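> Everything below, folded, please.
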Amino acid sequence: MNPLLIIPASLVLGSLVYYLIGGPPLLYLFLLVWLDKTILRSITPEFLGIEVTTLATVLAGMALGGMGGFVFAIITIPLLEGIKGLIVPGNDVPFLPTPYHLADAIVAFLASFLAGVPLLGAVAALLAVKFMMDATIDAHFTAKPFDFLSAGLTVVFNLLMVWGFGAQLTAAIL
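Numbers count the residues shown, from 1 in each chain. Here you go, the predicted model:
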């Protein structure tokens with residue numbers, strides 16, 4: 001198969017599978033992660049902090065419950081990063097969860113306990129938890145320093161997304 005067809009094929013097949021499994025809410029969550037892992041990460045520099053995977057995992061935990069959000073994150077994120085890795089090889093083994101994927105899945109699990117909290121507060125708290133886990137992973141599993149600039153910009157970007165589109169996101173998913 002032509003490598004350039006893998007990305008659109010993953011969109012079509014993934015959309016179909018996620019829609020059949022969980023209807024429109026699961027499809028929207030998949031599309032958020034797909035957009036982040038295949039498009040945003042390819043066209044934006046990492047230091048800008050533009051990512052929506054954490055927002056998607058928070059919404060997944062709130063919509064699907066703790067275990068549903070955990071399973072969604074631990075399967076979907078490595079799967080889409082693996083598909084992208086077939087085209088743009090990276091350092092990680094494709095399709096296998098990394099400690100960073102586990103951190104996203106834990107965020108999804110924790111989000112289920114914050115389902116009654118306003119989305120802006122929940123996202124702010126869970127981003128803080130995620131970046132504490134990311135800093136720990138950076139310190140103990142990799143030799144790279146934690147990127148505070150990217151983390152700060154990610155917080156700002158995600159909170160602006162929730163502030164501007166939180167009602168639409170929750171109406172579509174929850």
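> Going by C-alpha atoms from here, please, whenever you check contacts or count neighbours.
Will do.
> And the residue nearest the centre of this structure?
Of all residues in the chain, the one closest to the mean position by C-alpha atoms, centre = their mean is Thr53, 2.0 Å from it.
> host element of the residue lying closest to it once chain neighbours are set aside?
Counting by C-alpha to C-alpha, 6 or more residues apart in numbering, Thr53 lies nearest to Val33, which is 5.2 Å off, once chain neighbours are set aside. Assigning secondary structure by DSSP states H and E places Val33 in helix 3-34.
> Now do the buried residues in the strand or helix carrying Ile77.
In this assignment (DSSP H and E), Ile77 forms part of helix 53-87. Within helix 53-87, the residues that qualify as buried are 53-85, counting by 16 or more other C-alpha atoms under 10 Å.
> which helices and strands does the helix or strand just after that helix pack with?
For helix 53-87, the following helix or strand on the C-terminal side (DSSP H and E) is helix 99-111. Judged by 3 or more C-alpha pairs under 8 Å, 6 or more residues apart in numbering; DSSP states H and E, the packing partners of helix 99-111 are helix 53-87, helix 119-141.
> Phe30: neighbouring residues, count only.
27 (other C-alpha atoms under 10 Å).
> ok now do it, which residues does it touch?
14-15, 18, 76 (C-alpha atoms under 8 Å, 6 or more residues apart in numbering).
> Let's have these in CSV, adding pLDDT and distance to Val156.
Formatted as CSV, these follow (pLDDT from 0 to 100; distance: C-alpha to C-alpha, whole Å):
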residue, pLDDT, distance to Val156
Gly14, 94, 29
Ser15, 95, 29
Tyr18, 95, 29
Thr76, 95, 24
